[in-house]
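Student: Output the structure for:
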Amino acid sequence: MCVLPVVPASRGCHGERVIRSSAGTSARTSTRAWRDALVAALAGFVVMTAVAAAGLACAGAGDLPEGAFPRVLAAVVVMAAGGAVEGSADAGPLAGADVSLSVMPLSVSLAGALTTGFLFLRPLRGRAVAVPRELALRAARLTVLWLLLLLATALLARQDFGLFPGDSPLGDLGELLGGSAPTVGFRADLPATLLFGLLWILGLLLITLLVSRRAPLPASLVRFHAAVRPAAHAGAVLLVAYVGLGLIVGLVTAAARGHAARTLAVLLLGLPNLAWPALTVGFGGAWQGRVEGPFGLPVPQVLDEVLRGSEPSTVDVASLAEHDPRAWWLVPVAAVLLLATGVLAAVRSPAHVRPWQHALHLAVALALATLTVCLLARVEVRFGLSLLGIGDAAGLGGSAELTPQLWRTTGLALLWGAVAGLLGDLLSRPLRRRRAARTPSSP
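Tutor: Modelled structure (predicted):
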């Protein structure tokens, strides 16, 4: 007679239950992680869409023909998320048209970035360190969902408008030359949109981890916390503070001088496009620009006056002050806020960080922040019409360009960052001593 062993069978059943329980826990964790990623990506797009819709409505885009508002809205969201939108035009068989557009509506971008970054970090709160694999998987899930939403938006971002006689000089010209109605339009460049959108979301996640003081890092990177995060956090606060200051100035201007709808459109679509270059101009940086054509720009009048001319103009505090002496206020505002940035970085840094290290950390952080501003805030817009293939037709084209003088602006940011870091360390010492006195000593 054979006696079956009971105990091993019991152990085997127990082991199977443990395996099933572990598998179930893993599945629930994965589902929760996908849900968190979906919420972060979807919320970012919803916020960008809402801000862009409000800005376009204030700009009068609700009156666009052929029900084009949703498609224009999609194009703005695509550009805000780093995508590329191409212009197109057809003026008939005897005339050609060229349209190019390179601008990022940074108010929309900033709103989406703050929302997505906050929700990406929310599930990681309360942890001392992060597991590298988990962090990479969370970033990968969010990136995949972000690109899918961007692709869906880009597929909607395409529209052609017919120009009929009497609507514009181009419409009259099309009737004379070809008999067919000219068209202008836009469409998202899908490959470029996905590529730049990938870089945009990866850059956002990297910056989010760098500037957040409480987000956990992998154990191998914790030692870089003191060198990177206080200065990076202070630099991010500086950029957001400039946007807040610009918002106050814009609202006061809208209330005092009228044109409220146009001013609100600028605030909702491109406030950082003006505020962040103002920071660089305030510490001595410069931009190169030129505006040609009959159209006006949604920028302060003094900037429009500097940019209009037959040759490219240098936009710095001196050239702005030639048209409006109040531009000199950009210098003390930048100095005060940079000094406050240095104090904030020093207060957030550990006590063992030396003054020269404060200077180095903030110099690098401010230089990188300025480089990012220079890359994001540049503007290149062109519309040209050629007749019979010969040049541009006068009065039927225009262009607007604003590009940074990169070496001058970034170099001065490096210098100002070093000075602000050093002075911030000196000014923060009483604050740090007071904080140390309030902290109870270990028994």
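
Student: Could you list the low-pLDDT ranges of this structure?
Tutor: Low-confidence segments of the chain (pLDDT under 70): 1-27, 89-99, 128, 162-182, 294-297, 383-397, 435-443.

Student: That one: helices as residue ranges?
Tutor: 6-58, 69-80, 106-121, 132-156, 169-177, 190-211, 225-257, 260-282, 301-307, 317-323, 330-348, 355-376, 406-438 (DSSP state H).

Student: any chance of those in a markdown table, with distance to Arg382 too?
Tutor: C-beta coordinates here come from the backbone N, C-alpha and C atoms, glycine included. Below are the helices of the chain laid out as a markdown table (distance: least, C-beta to C-beta, whole Å):
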| stretch | distance to Arg382 |
| --- | --- |
| helix 6-58 | 22 |
| helix 69-80 | 16 |
| helix 106-121 | 20 |
| helix 132-156 | 22 |
| helix 169-177 | 15 |
| helix 190-211 | 18 |
| helix 225-257 | 27 |
| helix 260-282 | 18 |
| helix 301-307 | 14 |
| helix 317-323 | 23 |
| helix 330-348 | 29 |
| helix 355-376 | 19 |
| helix 406-438 | 21 |
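
Student: closest to Val291 out of those?
Tutor: helix 301-307 (4.3 Å; C-beta to C-beta).

Student: what's the spacing between stretch 269-288 and its chain's center?
Tutor: 14 Å (C-alpha atoms, centre = their mean, to the nearest Å).

Student: do stretch 315-323 as well
Tutor: Put simply, stretch 315-323 sits 26 Å off its chain's centre (C-alpha atoms, centre = their mean).

Student: do the same with stretch 319-329
Tutor: Distance, centroid of stretch 319-329 to centroid of chain: 27 Å (C-alpha atoms, centre = their mean).

Student: just to revisit the earlier point, let me know which of the helices of the chain is the nearest to Gly289.
Tutor: Taking the helices of the chain one by one with C-beta to C-beta, helix 301-307 is closest: 4.7 Å.

Student: packing partners for that closest one?
Tutor: Counting contacts by 3 or more C-beta pairs under 8 Å, 6 or more residues apart in numbering; DSSP states H and E, helix 301-307 packs against strand 287-292, strand 313-315, helix 317-323.

Student: Okay, Val237 and Leu366: tell me how far apart.
Tutor: 12 Å (C-beta to C-beta, to the nearest Å).

Student: Show me which of the two is the more surrounded one.
Tutor: Neighbours were tallied for Val237 and for Leu366 using other C-beta atoms under 10 Å; the higher tally belongs to Leu366 (30 against 17).

Student: okay, now the residue nearest to the more buried one when sequence neighbours are not counted: neighbour count?
Tutor: In this structure, Leu366 finds its nearest non-sequential neighbour in Gly417, 3.3 Å apart by C-beta to C-beta, 6 or more residues apart in numbering. With neighbours defined by other C-beta under 10 Å, the count for Gly417 comes to 32.

Student: got it, and Glu292?
Tutor: Neighbour tally, Glu292, other C-beta under 10 Å: 17.

Student: who touches it in this structure?
Tutor: Arg308, Gly397, Gly398, Ser399, Ala400 (C-beta atoms under 8 Å, 6 or more residues apart in numbering).

Student: Out of these, the closest to Gly270 would be?
Tutor: Nearest to Gly270 among the contacts of Glu292, with distances taken as C-beta to C-beta, is Ala400, at 12.5 Å.

Student: pretty sure the closest one contacts Pro298?
Tutor: No. At 10.4 Å, Ala400 does not count as touching Pro298 under the criterion of C-beta atoms under 8 Å.

Student: Tell me which of the two has more neighbours.
Tutor: Using other C-beta under 10 Å as the criterion, Ala400 and Pro298 rank with Ala400 on top: 21 against 14.

Student: Buried deepest among the helices and strands packed on helix 301-307, which one?
Tutor: strand 287-292 (a mean of 21; mean count of other C-beta atoms under 10 Å).

Student: got the CA positions of that strand in CSV?
Tutor: Output of strand 287-292 as CSV, limited to C-alpha atoms (Å, rounded to 0.1, in the frame of the first residue of the first chain):
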residue,chain,number,x,y,z
TRP,A,287,18.0,89.2,-29.6
GLN,A,288,18.1,89.8,-33.3
GLY,A,289,14.9,90.5,-35.1
ARG,A,290,13.1,92.0,-38.0
VAL,A,291,9.5,92.6,-39.0
GLU,A,292,8.3,93.3,-42.6
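
Student: Neighbours of Leu155, how many?
Tutor: 14.

Student: Apart from its neighbours in sequence, what residue is nearest Leu344?
Tutor: Nearest to Leu344 is Ala234, by C-beta to C-beta, 6+ apart, at 4.4 Å.

Student: Could you report the neighbour count for the one you found?
Tutor: Ala234 has 30 nearby residues by other C-beta under 10 Å.

Student: ok, it to Val222 distance?
Tutor: 20 Å.

Student: Please apply the same query to His323.
Tutor: His323 is 51 Å from Val222, by C-beta to C-beta.

Student: next one: Val211
Tutor: Computed with C-beta to C-beta, the distance linking Val211 and Val222 is 16 Å.

Student: Between the two, tell me which one has more neighbours.
Tutor: Val211 (23 against 13).

Student: hang on, isn't the more buried one packed against Ala231?
Tutor: No. Applying C-beta under 8 Å, one finds Val211 not in contact with Ala231, separated by 9.6 Å.

Student: List the residues that contact the closest residue in space to Trp34 that isn't next to it in sequence.
Tutor: Spatial nearest neighbour of Trp34, excluding adjacent residues (C-beta to C-beta, 6+ apart): Arg141 at 5.8 Å. The contact partners of Arg141, taken as C-beta under 8 Å, 6+ apart, are Ala33, Trp34, Ala37.

Student: Over to Ala84?
Tutor: Ala84 touches Val78, Ala188, Asp189, Ala192, Thr193, Phe196, counting by C-beta under 8 Å, 6+ apart.

Student: The fourth one: how many residues sit nearby?
Tutor: Think Ala192. So Ala192, with other C-beta under 10 Å, has 15 neighbours.

Student: and if you look at Leu119?
Tutor: 18.
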